[in-house]
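Peer 1: sequence and predicted structure below; questions after.
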Amino acid sequence: MKRDLLSLQDITNDEMQKLLDLGSRFKANKGKLSSELAGKAVALVFQKPSNRTRVSFEIAIWQLGGKCLYLAPQEIDLGKRESVEDVAKTLSRYLDCIVARTFSHEDVVALAKHSSAVIINGLSDLFHPCQGLADVLTIKEKFGTAKATVAYIGDGNNVCHSLLLGCARIGYDVAIATPKEYEPHADVVKIAEKIAKQTGTKILLTRKPQDAVKGAHVIYSDVWVSMGQEAETAKRKKDFKDFQVNKSLVQHAHKDYIFMHCLPAHRGLEVTAEIIDGPHSVVFDQAENRLHMQKAALSFLLGDK
Ligand code: CP
Ligand code: NVA
């Protein structure tokens, strides 16, 4: 039976630990070439632009000995030029794995349903599991297994959902501050709460950034306007104006806090330059960890067992 990675729901707490160990081992190997994906072909089917996800996957696949194809939005034109089902069935005849970046999460689910190739979600409107894996590795590198609190400030979006599930699996407490109507999806919170019960994780949802950040070891932010939401820019800028990570907000955090952001970032909106470019920021360690954790995920899902 193939295993897909559509969300961090698709792995267990033990598998999450295993992936983190694997990612750390790949990191320690410093890009040494290996053969976990020898003879395997992976395509990146992207409906949206990408820097980190595309480049880190391409390099990961090359370093693991596989073949990677990048299929830009205009090439496959998922669901428009051809139905998602036909794309899935066709590509399965050529490929071992598809990394899909879509607008709608339902398209990733449909690809998984109709494809015999392994599907990895490279970001949908609902989840960004590869980001979540890299984020948890970054937190673990800084705080180990100590009980850290992760404060997420901003939109309860794809990145927030995967961070929440990833932290719950490892046992990092999570405090999420969003404006009204931008809360994380209730179903995702429910799943996270169930996992949190097993791991002794605390989850707090609030409308007050200061309450979330109080004593936090990690402050995390993402864009206010995600890809595909550009028409809502003016409204979102207004709705999120009190959710900027800046000097006055971080005063409430633990003195050794780290600042995280999945990138791309908008200095002066969700975070000030002083914070993202300051001494507490680990955003480029986090970006680097995308490579190591994707190697972990690819070898876990596609390597010989
Ligand atoms: N964080 C992230 O996924 O970046 P890209 O959109 O550049 O891939
Ligand atoms: N929430 C952002 C993340 C980008 C990596 C988006 O979906 O555009």
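Peer 2: Yep, it's here. Ligands and ions are numbered 1, 2, ... in the order given.

Peer 1: residue contacts, residue 66?
Peer 2: Taking CB atoms under 8 Å, 6 or more residues apart in numbering, we find residue 66 in contact with 36-42, 96, 298, 302. To be clear about C-beta, it is placed using only N, CA and C from the backbone, and glycine gets the same treatment.

Peer 1: go again with 10 Å.
Peer 2: Applying CB atoms under 10 Å, 6 or more residues apart in numbering, one finds that residue 66 lies in contact with 35-42, 60, 96-97, 298-299, 302.

Peer 1: looking at it, residue 223 is touching residue 243, isn't it?
Peer 2: No - with contact defined as CB atoms under 10 Å, residue 223 does not reach residue 243; the gap is 11.4 Å.

Peer 1: overlap in contacts, those two.
Peer 2: With CB under 10 Å, 6+ apart, residue 223 and residue 243 have common neighbours 154-155, 269-270.

Peer 1: could you work out the most separated pair of those residues?
Peer 2: Farthest pair in the shared contacts of residue 223 and residue 243 (CB to CB) is 155 and 269. Separation: 11.5 Å.

Peer 1: and the two? Which one has more around it.
Peer 2: Neighbours were counted for residue 155 and for residue 269 using other CB atoms under 10 Å; residue 155 has more, 25 against 18.

Peer 1: roughly how far does that one sit from residue 171?
Peer 2: 25 Å (CB to CB, to the nearest Å).

Peer 1: now do residue 118
Peer 2: Residue 118 is 28 Å from residue 171, by CB to CB.

Peer 1: who's more crowded, those two?
Peer 2: Counted by other CB under 10 Å, residue 118 and residue 171 do not tie: residue 118 has more neighbours, with 22 against 18.

Peer 1: partners of the spatially closest residue to the more buried one that is not a sequence neighbour in the sheet?
Peer 2: Spatial nearest neighbour of residue 118, chain neighbours left out: residue 97 (4.4 Å); criterion: CB to CB, 6 or more residues apart in numbering. With DSSP bridges as the criterion, residue 97 is bridged to residue 42, residue 118.

Peer 1: surely residue 97 and residue 4 touch.
Peer 2: Yes - if you go by CB under 10 Å, residue 97 and residue 4 touch, sitting 9.4 Å apart.

Peer 1: what residues are shared contacts of the two?
Peer 2: Joint contacts of residue 97 and residue 4 (CB under 10 Å, 6+ apart) are 115, 117-120, 301.

Peer 1: out of those residues, who's nearest residue 22?
Peer 2: Nearest member of those to residue 22, counting by CB to CB, is residue 301, at 11.3 Å.

Peer 1: which residues of the stretch 51-200 of the chain lie near ligand 2?
Peer 2: Those residues of the stretch 51-200 of the chain that sit near ligand 2, judged by CB under 6 Å from any ligand atom, are 123, 157-159.
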